[in-house]
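In: Whatever this is, show me its structure:
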Amino acid sequence: MTPDPELVVPTAIRDVILERARDGRPEEICGVFGGEYDPDGRSRVRSQYPADNVAETPRTRYRINPEAQLELFDRLEERGEEIVGFYHSHPRGPPRPSETDVAQATWPDRSYLIVSLEPREVGSWRWREDEDAGRFERERLVLE
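Out: Numbering: from 1, shown residues only. Sure thing, here's the model as predicted:
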């Protein structure tokens, strides 16, 4: 039996992301997680790489510039890390994926951590692809 997916995040990294989300309000903030990746089990965040939100409507969407994203991937690879997933904020929404998040998710089995400021909560989800479509699956968030 496959264990339920988990994302382990150091409390210090969670706190940095919350602070970035507060400072970035009313726009969404975003970034990439590096660390140890397990497609079905426990992934562990070792570092976070902030990215500029280049979406046309940054108050309700996030987008990482593809070239900047590749640079971030190169940096974490140089440090011996794997791509664990992504994070972004919902300054005025819940800590769960929006319809836009579902439509734009492209990294199977990676974690998508969402920070909500109203209410102040953090949720984590794994993107799963089926034959016909994709969906987010809730994953356990473990702070350490």
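In: Report the secondary structure state of residue 20.
Out: Secondary structure, DSSP: H, G, I helix; E, B strand; the rest coil: residue 20 is helix.
In: residue ranges of the strands in the chain, please?
Out: For the chain, the strands defined by DSSP state E occupy 6-9, 30-36, 42-51, 82-90, 111-117, 120-129, 134-138, 140-143.
In: Reformat those strands as TSV; add mean neighbour count, distance to residue 99 and mean pLDDT.
Out: For glycine as for every other residue, the C-beta is placed from the backbone atoms N, C-alpha and C. Formatted as TSV, these follow (neighbours: other Cβ atoms under 10 Å; distance: least, Cβ to Cβ, whole Å; pLDDT from 0 to 100):
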stretch	mean neighbour count	distance to residue 99	mean pLDDT
strand 6-9	22	22	98
strand 30-36	23	17	98
strand 42-51	20	22	97
strand 82-90	24	12	97
strand 111-117	22	13	96
strand 120-129	18	14	94
strand 134-138	14	11	92
strand 140-143	14	22	96
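In: want to try CSV for those, with distance to residue 101 as columns?
Out: As requested, the strands of the chain are exported to CSV (distance: least, Cβ to Cβ, whole Å):
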stretch, distance to residue 101
strand 6-9, 16
strand 30-36, 11
strand 42-51, 16
strand 82-90, 8
strand 111-117, 7
strand 120-129, 8
strand 134-138, 7
strand 140-143, 17
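In: Nothing else from me, thank you.
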